[in-house]
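Colleague: build me a structure from this.
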Amino acid sequence: MKQLDYIKVKIENIEALNTKYLIEHPTIKNRYKLENISLTKGRKVYGKNIDIYFKNNTVYISTSIPYFINGHNFVEVNSNDARRVFECLSKALGINIFTGKVIDFEVALLFNCNIHFKNLVKTISSVDGLELQKKNTSFVAYGKGNTQLKIYNCYKNLKNKVSKPIFNSILGLYVNILKIELKMMRDKRYTVEQLLEYGIDENISILNDLIENRINYSECNYDGSKFDDILYKALLKANKYTYKNVDEMVLDIIVQKTDKVNHPERIKVSIVKRTKVSHLQRVKVSH
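Modeller: Numbering: from 1, shown residues only. I've put the predicted structure just below:
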């Protein structure tokens, strides 16, 4: 499943904004939500899932398109879906959003993963060209500069984020659904029209390349209760705090230790060398 998710747009030289459908922010001046207007006949949008700011003849619009349309983000969003959203918003606000500059945006792929996320995340050791930013049992993020790659358990994320009626209405949401997002920040390469015409496809290709060629993983096997084993287990638990590949770090420590004591037969740690494989083929069942 492919998706254009979050987007932030800047539209300049706006003399006036139609405020008929806007709901003023309770504490911040010039900031608005949107009434639940009809996107198509008989279908209302989730107007609370959008932020509109208008000041000094400039409008900023921030929204997650799937949340705006459906109230959740477990749904495919292609360029045609996004176009309908921006046509609706342009009409409601009385401006042409398609000429606006895209500041931030996210594209994503969703998979039914064949292993539990907490086990999958243990195998991810690094992403070429990006640095570890956060890692826990349900979420991992790598980034550098204006680029961020996020991998997380979609089921758990939605269960914590949306209302129970919306969560229960989502079709096909399984416990091991994996979402992989590419977020581009302070980007400014595209107008909204350009993003819809070719930018989404360009960045889905970039995301596929990250998944297939730049995510590195390691598989680790260990047993025993000697110092080496305990050290390795401890380092695995601390992996989210480290930026060096744990296998490499442990191998360095063990080599230094065994050189000193000259008892290589005591090593119980088996390390599978990190290999560059298609992570996409490794974890996905379908998408």
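Colleague: got any ranges where the stretch 101-250 of the chain has weak pLDDT?
Modeller: Residues of the stretch 101-250 of the chain meeting the criterion pLDDT under 70: 219-250.
Colleague: repeat that for 50
Modeller: 221-223, 239-243 (pLDDT under 50).
Colleague: in it, which spans are helices?
Modeller: 117-123, 154-161, 164-169, 192-194, 200-209, 227-237, 246-261 (DSSP state H, counting those that start in this stretch).
Colleague: residues in contact with residue 64?
Modeller: Going by Cβ atoms under 8 Å, 6 or more residues apart in numbering, residue 64 touches 5-7, 49, 73. C-beta here means a position set from N, CA and C on the backbone, and glycine is covered the same way.
Colleague: let's see stretch 104-124 as CSV, backbone CA atoms only.
Modeller: Extracted as CSV, the C-alpha positions of stretch 104-124 are listed here (Å, rounded to 0.1, in the frame of the first residue of the first chain):
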residue,chain,number,x,y,z
ASP,A,104,7.4,19.3,4.3
PHE,A,105,5.9,16.0,3.2
GLU,A,106,5.8,12.3,3.9
VAL,A,107,5.4,9.3,1.6
ALA,A,108,4.9,5.8,3.0
LEU,A,109,4.6,2.1,2.3
LEU,A,110,2.6,-0.2,4.4
PHE,A,111,3.1,-4.0,4.7
ASN,A,112,1.7,-7.0,6.4
CYS,A,113,5.0,-8.1,8.1
ASN,A,114,5.7,-11.8,8.6
ILE,A,115,7.4,-11.3,12.0
HIS,A,116,6.5,-9.2,15.1
PHE,A,117,7.8,-5.7,15.0
LYS,A,118,9.7,-6.0,18.3
ASN,A,119,11.7,-8.9,16.8
LEU,A,120,12.2,-7.1,13.5
VAL,A,121,13.5,-3.9,15.1
LYS,A,122,16.2,-5.9,16.9
THR,A,123,17.7,-6.9,13.5
ILE,A,124,18.0,-3.4,12.1
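Colleague: what comes up buried for it?
Modeller: 104-113, 117, 120-124 (16 or more other Cβ atoms under 10 Å).
Colleague: ditto for stretch 157-173
Modeller: 157-158, 162, 167, 170, 173.
Colleague: tell me the one of the buried residues of stretch 104-124 nearest residue 193?
Modeller: residue 105 (13.5 Å; Cβ to Cβ).
Colleague: what's across from the closest one in the sheet?
Modeller: Per DSSP bridges, the residues bridged to residue 105 are residue 7, residue 184.
Colleague: nothing else from me, thank you.
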